[in-house]
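**Student:** For reference, the sequence and a predicted model appear below.
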Amino acid sequence: MESTIPSILTQAVFLAPAGAGLLAWMLGRVWRKCAEALALLGSAAALAISAAMIGPVIRGQVLTGWGRELRVDSLSALLILLISAVAFPAALFAIRYMRHRRLHDAKGRDITEARLPAFYGLFLLFLSTMLWGCATNNIVMLYVAVEATTIASGLLVAFYWDRRALEAGYKYLMLLTVGITFALFACVLLYASAARYLPGVSAMLISELRGVAGLIPRSVAIFVVAFFIVGFGTKAGIAPFHPWLPDAHAEAPSPISALLSGVMIKMAAYALARTVTIFFPAYPVLTVFVVLLGAFTMLLGGVMALAQHDLKRLLAYSSVSQMGYVVMGLGFGTYLGVYGGLFHLLNHAAAKALLFLSVGAVIYATSARSMTELGGLGRRMPVTAACFFVGAFSISGMPPFAGFMSKLTIFLAGADEEMWAAVGIGVFTSLLTLVVVFRAGQAVFWGKPKSSGAPWEEAREAPASLLVAMVALAGVCVLFGVYPKLAYPLLNQAALAVAGVVAGH
Amino acid sequence: MPYNVRLIETLSMVMIITSVAAVESHHLKRAAAAYGLQALLICGLILAFAVGNQALYVWALVALITKAVLTPWFIMRYISKTGEQEVRPIVGFGPSVGVVSVILFSFYKLTHTYVHVLAPTPESVAGVFRTNLAVALTVFVLGLYAILSRRDAIKTVIGLCLLENAVHLSLVSLAPNMRETALVGIATEVVVTVYLLLYVISGIREKLGTTDTFELAELHW
């Protein structure tokens, strides 16, 4: 039986970056460097606090805060650690990167310095809301947190304030808010139907709700599940609710793209895992539906990525595709499937953040991001090229990189369930992904620039702080590929937590 | 039953009419005013239900501040800076009123007759709560219709507000005892989202010189 212990860490993990964010916004106006330092400090604090949670959680304990309002079990801890582990390199990357591209107002004045404090303030608030969403145990607050991530990141997506960024920002705010309203409706329906069986506040607590999911009237349960899938699925980039994703992930500044694609959509997948899986025991047919949804998402994302010339749009579509694997793994509902899904969630976060940062380094050096323009950068930017290919091989599931291990686990889980079509689509999409990302890497780093006289003829390797952030993430991709057992203690507990719910324990 | 059924049904009917006006008026200021009136009626409805449940007074107050004061104020402030004429929607006025009437009538009939499909508890199917859920769902569909069929970005924002109002109105039947923190969280977020959307739309207006969402076609698949 799991034991719960009250812990201040559950609040500190998201209050620390929130506080740093507010400070950065206020003090940064006076002194820019202060905002940058606070961004590093705030995300480092979140990383340290989340690392401190891992010990007790691996031993099977559950941390609680504010009564039962906050609850960090192994699944929450996995996501919290992942989010802060991607945010810290992204913050480090942002410092040099964001100074590089200058912003001008209508009169042509340089307003970069004036905008940066708001950037770091929102960056930290965005981080804080994602962490809060993973720590909360209240179903309505889960909705509030997911919507809060949209609010905090909306202006980050539109940060460059040009035509494309504004279009992406408008679509991002509008589509995600409409989508997430469905999730609110689902939350409220679930709460209302559970209130008959659970006294008072506990009808809002996710940890209690799973016990009564089977008692809810069938017709209401169908609507609840459908609305959760539309609501959180929109945020997670599940097809056919994904059209906001390529726009937002491509037009946002690269460190923000790394956060959006690396962890924000994972947090929405976490919300799906928390809510939809509680209905699996009573409605086993749901698992088949979720697997189908995953297969459709991965195939569509893969095919769309094939048609892109813009590097960031290509990576964004590939994120849609990789989310399909995560959803499929969770959809199998078995221990092995959930383990694979969560492992892929972790590996994709590291690899996709790495890829977006590598493309960011290319943009830093050349101000270009189209495969039809770039070429021959491998000699000039060897570290960036190496990092790009590590990320590329990892997401396409090549050994010895981390993505191979997680995809293999998902395929084995599918074979266990004898869902051969799903496994087939998974393997095919993996090959497709390999073609897509390898072709992109080849176009950018091999050969010669496609047009002459361009600025990339004197392109140089990105500055050290950018490279450190990238190499750290590349290290993760290699480490979990060579020693997949390193992640076992935490993933095992987290997979047991989800699969336990599915099995009806 | 302590509820004033006549009052609740009248308010619901007027609310649906104001929602249609907010969607259909091509004059943006009038549309925003109709939206403000609709939000006031929601507060009135929540108050009418509060007779049976004291906790709803808080919800009515929160709704009044966020929906009937702040949101229309933001929208009005934005319109005064730009223009009052809407970018023509894809569906013309006459046909649109026809479409809306059909949608509203059939959806209201449908939800009112089969509300038990979506009602989680026996209480929420009974009496006025049935009307409440049916009205909420009907306005929800109307909001979706507005977002899908309007070209003017401001109109899509008003559609979004209708959508949110509908879900919030359904809380009366579904979750009357929800905690204040949750209510305030839900209501504040919508206001902040509307504010940010208008901010981004004003940026779009600056760069493109229009608020026609069809002009936002730089990024496509």
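**Tutor:** Arrived safely, thanks for sending.

**Student:** Next one: residue A:249 from residue A:333, what distance?
**Tutor:** In this view, residue A:249 and residue A:333 are 29 Å apart by Cβ to Cβ, to the nearest Å. Using the backbone N, CA and C atoms, a C-beta is placed for each residue, glycine as well.

**Student:** who has more neighbours, those two?
**Tutor:** Neighbour count, other Cβ atoms under 10 Å in any protein chain shown: between residue A:249 and residue A:333, residue A:249 has more, with 31 against 25.

**Student:** what's the nearest residue to that one if we skip its chain neighbours?
**Tutor:** Nearest in space to residue A:249, with sequence neighbours left out and distances taken as Cβ to Cβ, 6 or more residues apart in numbering or on different chains, is residue A:316 at 3.7 Å.

**Student:** wait, the one you found sits on residue A:261?
**Tutor:** Yes: here residue A:316 reaches residue A:261: they are 6.4 Å apart, a contact under Cβ atoms under 8 Å.

**Student:** what touches both of those two?
**Tutor:** Taking Cβ atoms under 8 Å, 6 or more residues apart in numbering or on different chains as the contact rule, residue A:316 and residue A:261 both touch residue A:249.

**Student:** tell me what the host helix or strand of residue B:157 is packed against?
**Tutor:** Counting by DSSP states H and E, the element that carries residue B:157 is helix B:153-174. Packing partners of helix B:153-174 (3 or more Cβ pairs under 8 Å, 6 or more residues apart in numbering or on different chains; DSSP states H and E): helix A:163-194, helix B:5-24, helix B:28-50, helix B:56-63, helix B:71-81, helix B:127-149, helix B:180-208.

**Student:** residues contacting residue A:465?
**Tutor:** A:92-93, A:95-96.

**Student:** Cross-check residue A:460 against the secondary structure; I expect a helix.
**Tutor:** No: assessed with DSSP: H, G, I helix; E, B strand; the rest coil, residue A:460 is coil; it does not lie in a helix.

**Student:** ok and the residue in chain A nearest chain B?
**Tutor:** Distances between chain A and chain B by Cβ to the nearest Cβ are smallest at residue A:193, namely 3.2 Å.

**Student:** show me where pLDDT drops low in chain B?
**Tutor:** B:1, B:220-221 (pLDDT under 70).

**Student:** And residue A:464, how far from residue A:361?
**Tutor:** Distance of residue A:464 to residue A:361, given as Cβ to Cβ: 11 Å.

**Student:** same question but for residue A:434, I mixed them up
**Tutor:** Distance from residue A:434 to residue A:361, by Cβ to Cβ: 22 Å.

**Student:** For residue A:12, which non-adjacent residue is spatially closest?
**Tutor:** Excluding the flanking residues, the one nearest residue A:12 by Cβ to Cβ, 6+ apart is residue A:49, at 5.3 Å.

**Student:** Let me see the contact set for that neighbour.
**Tutor:** By Cβ under 8 Å, 6+ apart, the neighbours of residue A:49 are A:9, A:12-13, A:16, A:84.

**Student:** On the pLDDT front, check the most centrally placed residue in chain A for me.
**Tutor:** Geometric centre of chain A, nearest residue: residue A:263, 2.0 Å, by Cα atoms, centre = their mean. pLDDT, residue A:263: 95.

**Student:** try residue A:455
**Tutor:** Reported pLDDT for residue A:455: 60.

**Student:** and what of residue A:452?
**Tutor:** pLDDT at residue A:452 comes out at 62.

**Student:** Helix or strand: which one has residue A:54?
**Tutor:** Taking DSSP H and E as the definition, residue A:54 sits inside helix A:32-58.

**Student:** Just the buried residues of that helix, please?
**Tutor:** By 16 or more other Cβ atoms under 10 Å in any protein chain shown, the buried positions in helix A:32-58 come out as A:32, A:34-47, A:49-50, A:53-54, A:56-58.

**Student:** cool, stretch A:294-303 as well?
**Tutor:** Quick answer for stretch A:294-303 (16+ other Cβ under 10 Å): A:294-302.

**Student:** quick one, which of residue A:464 and residue A:361 is more surrounded?
**Tutor:** residue A:361 (28 against 11).

**Student:** can you tell me if stretch B:101-113 touches chain A.
**Tutor:** No: Stretch B:101-113 stays clear of chain A (Cβ under 8 Å from any Cβ of the partner chain), getting no nearer than 12.1 Å.

**Student:** show me the contacts for whatever residue of chain B ends up closest to chain A.
**Tutor:** At 3.2 Å from chain A, residue B:120 is the closest residue in chain B, using Cβ to the nearest Cβ. Applying Cβ under 8 Å, 6+ apart to residue B:120 gives the contacts A:189, A:192-193, A:216-217, A:220, B:174.

**Student:** can you pick the most crowded of those?
**Tutor:** Each of the contacts of residue B:120 was scored for neighbours by other Cβ under 10 Å, and residue B:174 scores highest at 27 neighbours.

**Student:** State the distance from residue B:80 to residue B:154.
**Tutor:** Distance, residue B:80 to residue B:154, using Cβ to Cβ: 12 Å.

**Student:** Give the buried residues for the one helix or strand residue A:26 maps to.
**Tutor:** Following DSSP H and E, one finds residue A:26 within helix A:9-28. Using 16+ other Cβ under 10 Å as the test for burial, helix A:9-28 gives A:9-25, A:27-28.

**Student:** Just the element for the residue lying closest to residue A:22 once chain neighbours are set aside, please.
**Tutor:** Leaving aside its sequence neighbours, residue A:22 sits nearest to residue A:121 (Cβ to Cβ, 6+ apart; 6.8 Å). Per DSSP H and E, residue A:121 falls inside helix A:112-135.

**Student:** so what's the residue nearest to residue B:26 when sequence neighbours are not counted up against?
**Tutor:** Of all residues not flanking residue B:26 in the chain, residue B:86 sits nearest, at 4.6 Å (Cβ to Cβ, 6+ apart). Neighbouring residues of residue B:86 by Cβ under 8 Å, 6+ apart: B:25-28, B:31, B:150, B:152, B:154-155.

**Student:** one more time with 10 Å
**Tutor:** Neighbour list for residue B:86: B:24-28, B:30-31, B:150-155, B:211-212 [criterion: Cβ atoms under 10 Å, 6 or more residues apart in numbering or on different chains].
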